[in-house]
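Trainee: Can you look at this prediction? I've put the sequence above it.
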Amino acid sequence: MNNQIDAWVQVGEVNDIPVRGARCVQHEDTTIALFRSATDEIFALEDRCPHKKGPLSQGIVHDDCVTCPLHNWVISLKSGEAQGADSGKTRSYPVKVVGKDVLLGLPQ
Amino acid sequence: MSNKQKLVVVGNGMAPGRMLEHLFELDASAYDVTIFNAEPRVNYNRLMLSPVLSGEKQYEDIITHDDAWYESHGVTLHKQSKITQIDRSAKCVESDTGIKADYDKLVIATGSSPFIIPLPGHDAEGVLTYRDLDDVETMIKTANEGGHAIVIGGGLLGLEAAAGLRAQGMDVTVVHLASTLMERQLDAPAGYLLEQAFEDLGISVVTGANTKTILTENNHVVGVELEDGTVFDARMVVMAVGIRPSSELAKSIDLETNRGIVVTDSMHTSDEAIFALGECAEHRGMCYGLVAPLYDMAKVIAKQLVGDTTAQYTGSSTATKLKVTGIDLYSAGDFSDAADHEELVLRDGSAGVYKKIVLKDNKIVGTVLYGDTNDGPWYFDLLKKAEDVSEFRDTLLYGQAYQTGDAPDPTAAVAALPDDAEICGCNGVCKGKIVSEISALKLTNLDDVRAHTKASASCGSCTGLVEQVLKLTLGDSYQVGAVVPMCGCTDLGHADVRQLIKSKGLKSIPQVMQELEWKTSCGCAKCRPALNYYLVSDWPEEYADDYQSRFINERAHANIQKDGTYSVVPRMWGGMTSSKELRAIADVVDKYDIPSVKVTGGQRIDMLGVKKEDLPLVWKDLGKVGFVSGHAYAKGLRTVKTCVGTDWCRFGTQDSTGLGIKLEKFLWGSWTPAKVKLGVSGCPRNCAEATCKDVGVICVDSGYEIHFAGAAGLDIKGTEVYGLVKTEEEVIEHITALIQMYREQGHYLERIYKWAKRIGYDEVRRQLFDDAERRKAYYDNFVHSQRFAQVDPWSERVSGKDKHEFNPMAVLKMEVAV
Ligand code: SRM
Ligand SMILES: Cc1cc2nc3c(=O)[nH]c(=O)nc-3n(C[C@H](O)[C@H](O)[C@H](O)COP(=O)(O)OP(=O)(O)OC[C@H]3O[C@@H](n4cnc5c(N)ncnc54)[C@H](O)[C@@H]3O)c2cc1C
Ligand code: SF4
Ligand code: FES
């Protein structure tokens, strides 16, 4: 991570997020999308496609990627990077799961 | 008493048993050993409780250390004595039975306790957990009287309990919260196979089931009620929802604890004289629930006890095997999706085999095997050794013994079909018939097969399959024509997939992916929505729509806009509206600050720029005057444009507005391969532009001229004439049958004009206009499907369905980010 983490904030429980789906967390002016993969891994990305700011939280989640709902770019949930021929990167945030709780690492 | 050092062990489970064996090997005379055990027995192999429950073994068979062993090793064992107090300064422990013992070194090995969900009724008689021999004995006793048992939890323990109770003759239902069984060890495809295997054992499995209450009478279990209202009766409820490290004792003496008792790499707790061992220990943030890591810990403590301070435990990878007779399943390591993980997947649908290997930097980091687990230990070994597998990764999936095997056969899915499987749906031709005609008449190509059997002679959807049958029968001399695969996850085209879903009776996405040998574990954004549609369309009654396989518009029931807001288009039946409706729209626009209101090209009103969280509120207000969703977002019926017709127009020949409204009211709801738009014009002047719609009606003096297969979007194409009918009822029957035929045959995202061109316009007329019986059958199928589909999605969501879709999970205030 390029940012130092200053706080782990509990944002909810794993089961709040649908499997192969996403939920959003509003942090000041930023919307952060939390994704849950088919294997129950949780990832966090800024809810903003590197292409034209599409809300990635509204996309279809498959394997470790999400397909943007606006123009179908495929974004890696882990790195935030656009896959295939497209290039661009969305900011990603660290996530920890402790028991059922989802903790989001926020930089200051 | 000697003046040897004193070692006291709290808990006599599997981990300390192993530790003592190592200790005595290293130095049999180093310590005087005293063990306290809350259970009234010697050390036994807890893993083997399942075979005891199923009746395959007896308690005597699973004893690890018998009384003679303790005696010969000079170990004092206090059975049925639970340690309740530890005095760290005096270095002394005391049990609930009043026995005291001094120690120089203390090992806490209290294991775990089953987690009990505090549901109403959880403390009634007949609610059991599955942890020790007492639990097993109670279960067997209850099972002897038969009846129905509910197992809450579809993890390893729950499933073993379920299989054991079934073997004891009970009817068993497993209710599981997650959507697939053993979701922590298995991915969805393997979870699906496991569920099938359990159903085959006669055990019902209910997934996605949240238990609400345990029903009791006179403080005895009589049933279970789920959150969705389903009620099962039950004589026994086994809760197998997880375990908790038993760390209360350690906590009470202020040792550092977290989830478990925190230990260092040398297995010391925060007190130098005290070790923690087994499931109660937490090492580098991990608590383990399987024995292999505990055995590694046991070895380290034994060494530490004899003064080898270099002995360190650095964590373990774990592998799981389910111990249910007849089910082969193996899972190890990390099989999650991650950007730097690569998946290798092998599926053999006919043999029920699924294998997945996850690689990272050319090393195995995880594996899931189902059906054929022989190579599990080999993969696990490669994983633990972090061996580079690049040299043999192409053949890795075929296993260690692979030397001369052939590449997987693409015709396998068709080869596995029984002779009576229908290949051509249009003409009702089954596989056996095609094979026998090919052989008997020495047919060598597709055209011959079409001519002699009619297979693939109509809509052509099954061409790929017929070609596979040709190849199967003729061998390599027959070259299969190129099929455009649905996506990178499969080599099969849309037509083959649709046909195989029907002929193999596939009823869920994981089942399709397994049986048709998908190359990825959970598909992609191209194939998942398509499969979801095919299943909804083919099994309207049984198939549960997969929400996460739908495009956002169909999940949110509104159209997403470029800035992430949504647009809302209510139905205006046939383009008609009223002052009441317009007033409600005006009010909603003001109340929710909706920035734009536009009249659409489809004769209705679009409110654009609605915030997602406002959607249910907007729908609620619109719903009050009777508005329902206009499905402007759906692969389904969109608009039915009409003109004013005989009501007002001096040229009108029939009631085009009324007919349009009837059609819209009859046809809305069911999903279609792509969107469907209709137009009804009152005369050939065609003011409703009916002749560029998917289906159009031109009213004439003698009746109604039905048109189809028009387009006015990316392509522009005038409609084809379908036929002339006399009454409104006939119009509705013909159009409904036409749409249903398209629903059953169309490829996902293929508009009616493309589908009709693929099949041939004449073929459509022949099957529908000329064939009353067939038309009636299509009509009936549509009506059946509407029973499950004609539900207004907006009012459902106003009543709370899919709430999570419209609310943020959390709103973080400034102050939390310290
Ligand atoms: C709102 C509307 C434009 C308008 O302001 O009038 C519209 C808006 C959109 N159209 Fe359209 N179409 C609208 C009438 C039409 C018409 C005219 C008609 O229906 O008579 C056509 C040509 C007729 C046809 O469908 O053949 C039309 C042909 C398309 C196409 C091309 C489809 C094709 O197969 O060629 C697309 C793209 C697609 O579906 O993939 C499209 C896609 C879209 C989408 C859904 C684009 C998108 O994917 O986001 C637009 C959604 C905006 C929104 O949020 O509401 N829209 N669109 C019209 C809504 C009608 C309604 O009441 O439901
Ligand atoms: C039915 C079943 C099937 C399983 N199958 C597998 C499998 O296939 N593979 C696998 O790897 N693992 C399996 N496990 C898990 C495995 O059995 C455990 O990981 C292992 O037994 C844990 O060993 P332990 O010594 O830490 O604790 P335990 O074996 O639980 O022993 C702890 C003992 O300490 C006693 N105790 C607790 N508190 C006190 C106290 N204060 N004073 C005195 N005594 C106390 C308890 O009564 C208990 O006897 C299975 C478990 C069960 C229940
Ligand atoms: S014509 Fe293009 S820009 Fe206009 S609404 Fe239709 S899809 Fe959008
Ligand atoms: S905004 Fe995401 S693909 Fe265009």
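Mentor: Everything's here; your move. Numbering: from 1, shown residues only, chains lettered A, B, ... in the order given. Ligands and ions are numbered 1, 2, ... in the order given.

Trainee: quick one: the residue in the stretch 301-450 of chain B positioned nearest to ligand 1 and B:Y753, what's the gap?
Mentor: Of all residues in the stretch 301-450 of chain B, the one sitting closest to ligand 1 is B:C426 (24.7 Å; C-beta to the nearest ligand atom). C-beta coordinates here come from the backbone N, C-alpha and C atoms, glycine included. Counting by C-beta to C-beta, to the nearest Å, the gap from B:C426 to B:Y753 is 19 Å.

Trainee: which of these two has more neighbours?
Mentor: Comparing B:C426 with B:Y753 by other C-beta atoms under 10 Å in any protein chain shown, the one with more neighbours is B:Y753, at 24 against 21.

Trainee: which residue packs closest to that one, ignoring adjacent ones?
Mentor: Nearest residue to B:Y753, sequence neighbours excluded (C-beta to C-beta, 6 or more residues apart in numbering or on different chains): B:A709, at 4.2 Å.

Trainee: got it, and B:I261?
Mentor: Closest to B:I261 by C-beta to C-beta, 6+ apart is B:A276, at 3.9 Å.

Trainee: tell me the secondary structure for B:V262?
Mentor: strand (DSSP: H, G, I helix; E, B strand; the rest coil).

Trainee: Would you agree it is in contact with B:D271?
Mentor: No: with contact defined as C-beta atoms under 8 Å, B:V262 does not reach B:D271; the gap is 11.1 Å.

Trainee: returning to what we had before: torsion angles phi and psi at the residue of the stretch 301-450 of chain B closest to ligand 1?
Mentor: Dihedral angles of B:C426 (phi, psi; degrees, to the nearest 10) stand at phi -60, psi -40.

Trainee: Verify the stated contact: it with B:V764.
Mentor: No: applying C-beta under 8 Å, one finds B:C426 not in contact with B:V764, separated by 10.9 Å.

Trainee: For the longest strand that chain A contains, buried residues please.
Mentor: In chain A, assigned by DSSP state E, the strand with the most residues is strand A:5-13. Neighbour-count burial for strand A:5-13, counted by 16 or more other C-beta atoms under 10 Å in any protein chain shown, picks out A:V9, A:V11, A:G12.

Trainee: Can you list the strands that that strand pairs with?
Mentor: The pairing partners recorded for strand A:5-13 under DSSP bridges are strand A:101-107 (antiparallel).

Trainee: Quick check: what element follows the helix or strand where B:L49 lies along the chain?
Mentor: Here B:L49, judged by DSSP states H and E, is contained in helix B:49-54. Moving toward the C-terminus from helix B:49-54, the next helix or strand (DSSP H and E) is strand B:63-65.

Trainee: and that following strand, what does it pack onto?
Mentor: When contacts are defined as 3 or more C-beta pairs under 8 Å, 6 or more residues apart in numbering or on different chains; DSSP states H and E, strand B:63-65 sits against helix B:14-26, strand B:43-44.

Trainee: Lowest average confidence across helices and strands of the chain, where is it?
Mentor: If you meant another chain, say so; for now it's chain A. strand A:5-13 (a mean of 85; mean pLDDT, DSSP states H and E).

Trainee: think we crossed wires, I meant chain B
Mentor: helix B:412-415 (a mean of 74).

Trainee: And the helix or strand just after it, what does it pack against?
Mentor: Counting by DSSP H and E, the element after helix B:412-415 in chain order, helix or strand, is strand B:422-424. When contacts are defined as 3+ C-beta pairs under 8 Å, 6+ apart, strand B:422-424 packs onto strand B:429-430, helix B:431-441, helix B:463-474, helix B:494-503.

Trainee: at 7 Å instead, please
Mentor: strand B:429-430, helix B:463-474, helix B:494-503 (3 or more C-beta pairs under 7 Å, 6 or more residues apart in numbering or on different chains; DSSP states H and E).

Trainee: Can I get the helices and strands packed on strand B:63-65 in TSV including distance to B:A197, mean neighbour count and mean pLDDT?
Mentor: Shown next, in TSV, are these (distance: least, C-beta to C-beta, whole Å; neighbours: other C-beta atoms under 10 Å in any protein chain shown; pLDDT from 0 to 100):
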stretch	distance to B:A197	mean neighbour count	mean pLDDT
helix B:14-26	28	21	94
strand B:43-44	28	23	94
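
Trainee: could you dump these to CSV with distance to B:R244?
Mentor: Formatted as CSV, the helices and strands packed on strand B:63-65 follow (distance: least, C-beta to C-beta, whole Å):
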stretch, distance to B:R244
helix B:14-26, 16
strand B:43-44, 22
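
Trainee: about what we covered before: for whichever helix or strand comes after the longest strand of chain A, which helices and strands make contact with it?
Mentor: The C-terminal neighbour of strand A:5-13 among helices and strands, as given by DSSP H and E, is strand A:21-27. For strand A:21-27, the elements it packs on are strand A:30-36, strand B:810-812, judged by 3+ C-beta pairs under 7 Å, 6+ apart.

Trainee: And the contacts of the shortest one?
Mentor: Outside of strand B:810-812, the residues within contact range by C-beta atoms under 7 Å, 6 or more residues apart in numbering or on different chains are A:V9, A:V11, A:G12, A:V25, A:Q26, A:H27.

Trainee: Next: the longest one.
Mentor: Applying C-beta under 7 Å, 6+ apart, the contact partners of strand A:30-36 are A:11, A:14, A:17-19, A:21-25, A:42-47, A:56-57, A:61, A:66, A:77, A:93, A:102, A:104, B:809.

Trainee: Chain neighbours aside, what residue packs nearest to B:G432?
Mentor: B:D419 (3.1 Å).

Trainee: Correct me if wrong: the one you found contacts B:K433.
Mentor: No: look at B:D419 against B:K433 with C-beta atoms under 7 Å: they stay out of range, at 8.3 Å.

Trainee: what about the two, which has more around it?
Mentor: More crowded of B:D419 and B:K433, by other C-beta under 10 Å: B:K433, with 20 against 11.

Trainee: Can you get me a residue count around the residue nearest to that one when sequence neighbours are not counted?
Mentor: Excluding its sequence neighbours, the residue lying closest to B:K433 (C-beta to C-beta, 6+ apart) is B:T453, at 6.0 Å. The number of residues packed near B:T453 is 24, by other C-beta under 10 Å.
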